[in-house]
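Participant: Let me see the structure of the following:
(chains A and B)
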Amino acid sequence: MALLEIRNVNAGYGKGPDILRGLSLEIEAGQSYCIIGPNGAGKSTLLKVISGLLPPRSGEVVFKDVPFNGARPDQVLAAGICFVPQDQAVFPEMSVRENLTIGAYLERDRKVIKERMERVFELFPILAERASQDGGTMSGGQQQMLALGRALMIDPAVMMLDEPSLGLAPQIADQIFATIRELEALGITIVMVEQNAVRGLELADWGVVLDLGIVRFEGPADTILDDPRIRELYLGKAVGSEGTT
Amino acid sequence: MTEIIQVVIFGLLLGGVYALFASGLTLAFGVMRIVNLAHAVFIVAAAYAAFFAFEELGIDPIVSILFLIPLFFFLGVGVYLTFFVRIEGSPRYVEMTVLLTFGIAIMLEGLLGWRFTGIFRQAKPSYLTDAFFLGDYLIPTGQFYAATLSLVLLGALWLFLRFTRTGYGIRATMQNRAAAQLVGVNVRRVSAISFGISAAFAGASGAFMSYLFPFFPFRHWQWIALLLALVVLGGMGSLKGAVVGALILGVASSLVVDQIGPGWGPMAFYAALFGILLVRPQGLFGKELAV
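Facilitator: The predicted model follows:
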């Protein structure tokens, strides 16, 4: 039984056309997934649907055998799925400590909040150093770490990351990828969209290729990396390019 | 010099009250992106409540704050859930709120005019004409109460936003709505509460208006222009900005009234606004628009 199932989902924005067209995908517990695909394939849209930000037009999202139809983002989060969006993920006028505190908004036990914050500070020593600095005044990489740290505050079962390395200098991106590896080691199921497809696939257990709103291929990440057709179609351009979804 | 300080004191007393009047408006915009053109008519409605409580029941306007705050809080929540939830997902949400609140303002103004006629009202508690000396400076008692209590209420709001869980949720929604949803803030609930608080502040403001500023139903248009100016000056949605802006403009207009003449007060107010916005188009504490 899959931890998270996306069944035949159609979704789009406003009165626009469907971006996801009957997409189905199964996410197994404890695995890490990298979703790749060309611009407009629906990668970010998929994450938005799962997180509850964008209600699907049809189909369903099922988590631990419970369908989530029309669940609000806070309900999805309470179930254990958190989402770190592409950009502007932090609260700019709150300190690092406040940003982390609000990450545990759904947790009312102050002792638990404190323990989790200490764990986050262990994982990200830079956040401990800058605990009283405003989120908005930190560098892009530090803000991304803060966003990851804040997501950890809810102690999620599934963490969805939308382009975690977007706009970051290569060394900083390396740090973020190293951190994601640590999150995997903590047993968190990772679902990541990454514009740097090769790096993302190297990190992940399972690769998913999206195109035109459906899953075109999926398989073990190393198989996808080695597949000459996929390399040519989907990875050739992605290497070193700055494309976003 | 003494005279200047005296005038500055008058300006600060006035500005403190303006700050309270504008705070609810800026909160509604900051959290919910609602440009509430009905905010001033809420204040006028509360002023009527305070006025009649004083005239008919002998309840002091300041004491009436105790019932106006909860009453207007629930009215605000009710208005939010009745009207604003319907247009929540609209891509033209901000523009729709302008039209919607414009309609509410006209409707409420009509109701007030129908029930209470268009004549000027002013509650006249005993301290209205009292004053006391602080050192060399004259302090009008009624204004002193109003300004002090306004700052107390604003302080309470600040503590609430800073240290309570709901306050965290409200601030998070103000700063980054999408991210607030993603950390589990129920944005609709937080918005309804914020609109309630905004209306509650209009309720408290009305108590002060009832004896400080003579009012009649149509008066609210004049007030909303002034309050919107304060909100824009502070930086749309910034509470700190609205308070600082209100104090600055209160002092500026008092100084001009003293030095040049009473007719120049309102002009000074808008001229100062104009000048500040030329230098800081985003307002005192607003963020520059991303290009």
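Participant: Show me which helix or strand of chain A is least confident by mean pLDDT.
Facilitator: Least confident helix or strand, chain A: helix A:228-230 with a mean of 84, by mean pLDDT, DSSP states H and E.
Participant: contacting residues around that one?
Facilitator: With contact meaning Cβ atoms under 8 Å, 6 or more residues apart in numbering or on different chains, helix A:228-230 is reached by A:209, A:217, A:224. In this view, the C-beta of every residue, glycine as well, is placed from N, C-alpha and C.
Participant: Could you list which residues are in contact with residue 234?
Facilitator: Unless you meant another one, I'm taking chain A. Counting by Cβ under 8 Å, 6+ apart, A:Tyr234 has contacts A:36-38, A:197, A:209, A:211.
Participant: The intended chain is chain B.
Facilitator: Contacts of B:Gly234 by Cβ under 8 Å, 6+ apart are B:22, B:26, B:240-246, B:283-286.
Participant: Repeat that for B:Ala180.
Facilitator: Applying Cβ under 8 Å, 6+ apart, we find B:Ala180 in contact with A:91, B:169, B:172-173, B:187, B:190.
Participant: element containing it?
Facilitator: helix B:177-182 (DSSP states H and E).
Participant: can you give me the mean pLDDT across that helix?
Facilitator: On average, the pLDDT along helix B:177-182 is 87.
Participant: Can I get that helix as PDB, trimmed to CA atoms?
Facilitator: What follows is helix B:177-182, C-alpha atoms only, in PDB (Å, rounded to 0.1, in the frame of the first residue of the first chain):
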ATOM      1  CA  ARG B 177      -0.300  34.600   2.800                       C
ATOM      2  CA  ALA B 178       0.700  31.400   0.900                       C
ATOM      3  CA  ALA B 179       3.400  30.500   3.400                       C
ATOM      4  CA  ALA B 180       1.000  31.100   6.200                       C
ATOM      5  CA  GLN B 181      -1.300  28.500   4.800                       C
ATOM      6  CA  LEU B 182       1.600  26.200   4.400                       C
END
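Participant: State the next helix or strand along the chain beyond that helix.
Facilitator: Next along from helix B:177-182, by DSSP H and E: helix B:187-212.
Participant: Which secondary structure elements does that following helix sit against?
Facilitator: Under the contact definition 3 or more Cβ pairs under 8 Å, 6 or more residues apart in numbering or on different chains; DSSP states H and E, helix B:187-212 sits against helix B:2-32, helix B:39-57, helix B:61-79, helix B:141-163, helix B:165-175, helix B:177-182.
Participant: Can you tell me what sits against the helix or strand that comes right after the third one?
Facilitator: So the one you mean is helix B:61-79. Later in the chain than helix B:61-79, the nearest helix or strand by DSSP H and E is helix B:93-116. Residues outside helix B:93-116 that contact it (Cβ under 8 Å, 6+ apart): B:32-42, B:44-45, B:48, B:79, B:83-84, B:87, B:90, B:217-218, B:220, B:224.
Participant: How about the contacts made by residue 227?
Facilitator: Picked chain A for this. So A:Asp227 contacts A:217, A:219 (Cβ under 8 Å, 6+ apart).
Participant: Oops, wrong one, chain B.
Facilitator: Neighbours of B:Leu227 in contact, by Cβ under 8 Å, 6+ apart: B:18, B:21-22, B:25, B:39-40.
Participant: Farthest-apart pair in those residues, please.
Facilitator: Largest separation among these by Cβ to Cβ: B:Tyr18 and B:His39, giving 12.8 Å.
Participant: These two: who's more crowded?
Facilitator: More crowded of B:Tyr18 and B:His39, by other Cβ atoms under 10 Å in any protein chain shown: B:His39, with 31 against 27.
Participant: What does the residue sitting nearest the centre point of chain A show for phi and psi?
Facilitator: Centroid check for chain A by Cα atoms, centre = their mean gives A:Leu161 as the closest residue, at 1.6 Å. Main-chain dihedrals, A:Leu161, degrees, to the nearest 10: phi -120, psi 120.
Participant: who's in contact with it?
Facilitator: A:84, A:148, A:180, A:190-194.
Participant: what about the longest helix along chain A, distance to the chain center?
Facilitator: The longest helix of chain A (DSSP state H) is helix A:170-185. Relative to its chain's centre, helix A:170-185 lies at 13 Å (Cα atoms, centre = their mean, to the nearest Å).
Participant: can you list contacts of it?
Facilitator: A:32, A:123-124, A:139-141, A:144-145, A:148, A:152, A:159, A:161, A:164-165, A:168, A:190, A:192, A:196, A:199, A:203.
Participant: Could you list the contact residues of chain A toward chain B?
Facilitator: Within chain A, the positions near chain B by Cβ under 8 Å from any Cβ of the partner chain are A:14, A:51-53, A:72-74, A:77-78, A:82-85, A:88-94, A:98, A:101-103, A:105-106, A:108, A:150, A:154.
Participant: Can you tell me how far B:Ala225 is from chain A?
Facilitator: Computed as Cβ to the nearest Cβ, to the nearest Å, the B:Ala225 to chain A distance reads 29 Å.
Participant: what do you get for B:Ile9?
Facilitator: 32 Å.
Participant: Contact partners for that residue?
Facilitator: Taking Cβ under 8 Å, 6+ apart, we find B:Ile9 in contact with B:137, B:139.
Participant: Now do the contacts for A:Ile19.
Facilitator: Contacts of A:Ile19 (Cβ under 8 Å, 6+ apart): A:11-13, A:40, A:42, A:45, A:213.
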